[in-house]
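Participant: Turn this into a model:
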Amino acid sequence: MLSQRSITVKVPGKLMVAGEFAVLEPHHQLVVTAVNRFVYATIDANSDNQLTLENFGINQVSWSYQYNALEIRSNDERIRFVAAALQTVLDYLYESNIKPESFSLSIKSELDDATGVKYGLGSSAAVVTAVVSAVLNKYLPAPPPEQLVFKLAAIAHVKTQGNGSGADIAASAYGGLLQYASFQAEWLIAQYKQASSVQSLVNKEWTYFSIKRLQLPSTIRMCIGWTGKPASTAKLVNRILQLKKTDKASYERFLHSSETAVNMFLNGIIENNIPLFMEGIHKNRLALAAVGDAAQVAIETNQLKKLSELAAQHGGAGKLSGAGGGDCGIAFVASSQASNALMHAWEQFGIRPLALKPYPKGAQII
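Facilitator: Numbers count the residues shown, from 1 in each chain. Down below sits the predicted model:
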């Protein structure tokens, strides 16, 4: 094919910064950042089609793609996101009259720790993005645009998971700090079912989707703390969406509160107004805690609450990151000195600081 050499791509994980849950509604903004932990995908020409997922001990599984159908010779449930990504990107290539010869694909993730503990850095989204990016980089005549990687990965991920905002995929595909509005999962699923081809869906304008790069004020330091408890994003999302049916007034109040908070945060960035920036984070924390209470689900756990309170005591602001219920919290303070003091204070309460930093690049060849 077009490239005989082995290619390895690295794809960053993500952390949500502000606007969680509200992003599931049209035109609501979320801020997400790529972080410096990665998924790696290596693709190489091979006599047979083979798939390896190093973290799961899944080695050299055979697969085939014929008549627009992917078949992987394994019943392991953990392959399903990779399978969806392969199916989607191969559909796109075949529709573009590019027919790859046999290749091996090996995936390795460092988003979780060595014991397999999940931090909530978006592993399935990063894996899907890595698969799409690796195959496109090997077989397209030119490097794929970020939006192409994003759209194909979003189709594969939503097709598999059935919900989600796609913000984690945006962070993995584009990198950096992003202001993001979701394509809306229901819209994308409906469009996928109606589309004559993957290519036509990729080329179509995605009505609700928007993305814009942001830059944190230079004095701000981001701190990440892990609460010691993994959480299921899909389950928590479903619980909050249920509130939309059972208590619409509370849900609408949350959307308004979240929008106000995220706008404060964004204006704080634009105006380099640190107090406004911090107030936006604080207000978003309160909005998320309130919607959790209304839905009778512990979005802000005791550890996440303590993480945020300690951030405030050190002159900053903190909140949960992502769906809550565990995983990571995120905090911002105005100096390196405050950052070091905050992380020390977290450790006294059993909150583990993670050496995570914003990462400026998305999927890339290494």
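
Participant: Can you show me the strands along the chain?
Facilitator: For the chain, applying DSSP state E gives strands covering 7-18, 29-45, 50-53, 58-66, 69-72, 103-109, 177-181, 210-214, 221-226, 317-320, 328-333, 352-354, 364-365.

Participant: State the paired neighbours of the last one in the sheet, together with their directions.
Facilitator: For strand 364-365, the paired strands and their directions (DSSP bridges) are strand 7-18 (antiparallel).

Participant: Could you pull up the mean pLDDT of the partner strand?
Facilitator: The average pLDDT within strand 7-18 is 97.

Participant: What is the neighbour count of Gln147?
Facilitator: As a burial measure, Gln147 scores 15 neighbours (other C-beta atoms under 10 Å). C-beta coordinates here come from the backbone N, C-alpha and C atoms, glycine included.

Participant: contacting residues for it?
Facilitator: Gln147 makes contacts with Ala173, as judged by C-beta atoms under 8 Å, 6 or more residues apart in numbering.

Participant: one more time with 10 Å
Facilitator: Ala170, Ala173, Tyr174, Val202, Trp206, Phe209, Ile211 (C-beta atoms under 10 Å, 6 or more residues apart in numbering).

Participant: And for Glu71?
Facilitator: Counted by C-beta under 10 Å, 6+ apart, Glu71 has contacts Asn49, Ser62, Trp63, Ser64, Tyr65, Ala83, Gln87.

Participant: Pull the most distant pair out of those.
Facilitator: Ser62 and Gln87 (15.6 Å; C-beta to C-beta).

Participant: neighbour-wise, which of these two wins?
Facilitator: Set Ser62 next to Gln87 and count neighbours by other C-beta under 10 Å: Gln87 wins out with 21 against 12.

Participant: so that one makes contact with Ile79?
Facilitator: No - the pair Gln87 / Ile79 is not scored as a contact, 11.5 Å apart, by C-beta atoms under 10 Å.

Participant: who touches both of those two?
Facilitator: In contact with both Gln87 and Ile79: Ile72, using C-beta under 10 Å, 6+ apart.

Participant: What distance do you get for the residue nearest to Ala341 when sequence neighbours are not counted to Gln337?
Facilitator: Once flanking residues are discounted, Ala341 sits nearest to His314: 5.7 Å by C-beta to C-beta, 6 or more residues apart in numbering. Per C-beta to C-beta, to the nearest Å, His314 is found 9 Å from Gln337.

Participant: ok, those two, which is more surrounded?
Facilitator: Counted by other C-beta under 10 Å, His314 and Gln337 do not tie: His314 has more neighbours, with 23 against 11.

Participant: center of the chain - which residue?
Facilitator: Centroid-nearest residue in the chain: Asp168, 1.3 Å away (criterion: C-alpha atoms, centre = their mean).

Participant: if we can go back for a sec, got CSV for the strands of the chain, with distance to Val158 too?
Facilitator: Shown next, in CSV, are the strands of the chain (distance: least, C-beta to C-beta, whole Å):
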stretch, distance to Val158
strand 7-18, 16
strand 29-45, 16
strand 50-53, 21
strand 58-66, 21
strand 69-72, 17
strand 103-109, 20
strand 177-181, 15
strand 210-214, 16
strand 221-226, 27
strand 317-320, 23
strand 328-333, 23
strand 352-354, 28
strand 364-365, 24
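
Participant: Nearest to Leu93, out of those?
Facilitator: Going by C-beta to C-beta, the one of these nearest Leu93 is strand 58-66, 9.7 Å.

Participant: Give me the sheet partners of the closest one and which way each runs.
Facilitator: When DSSP bridges is applied, strand 58-66 pairs with strand 50-53 (antiparallel), strand 69-72 (antiparallel).

Participant: Could you tell me the angle between that strand and strand 103-109?
Facilitator: Angle, strand 58-66 to strand 103-109, by axes from the mean of the first three to the mean of the last three C-alpha atoms, to 10 degrees: 130 degrees.

Participant: Name the residues that touch strand 58-66?
Facilitator: So strand 58-66 is contacted by 46, 48-53, 70-74, 76, 78-79, 82-83, 86-87, 90-91, 93-94, 99-100, 102, 104-107 (C-beta under 10 Å, 6+ apart).

Participant: Kindly report the same for stretch 309-316.
Facilitator: 220-223, 225, 274, 277-278, 281-282, 285, 308, 317-319, 329-335, 337-346, 348-349, 351.

Participant: Quick check: closest non-adjacent residue to Gly362.
Facilitator: Looking at Gly362 with C-beta to C-beta, 6+ apart, the closest residue is Gly175, at 3.5 Å.

Participant: What of Arg73?
Facilitator: Ser62 (4.6 Å).

Participant: What residues are bridge-paired with that neighbour?
Facilitator: So, taking DSSP bridges as the rule, Ser62 has Gln50 as bridge partners.

Participant: Likewise for the one 4 residues further on?
Facilitator: Beta-bridge partners recorded for Gln66 (DSSP bridges): Ala69.

Participant: Count the neighbours of it for me.
Facilitator: Count around Gln66 with other C-beta under 10 Å applied: 7.

Participant: Ile211 too?
Facilitator: 17.

Participant: Would you check that it makes contact with Leu177?
Facilitator: No - Ile211 is not in contact with Leu177 according to C-beta under 10 Å; the separation is 11.2 Å.

Participant: Please identify every residue contacting each of those two.
Facilitator: Val32.
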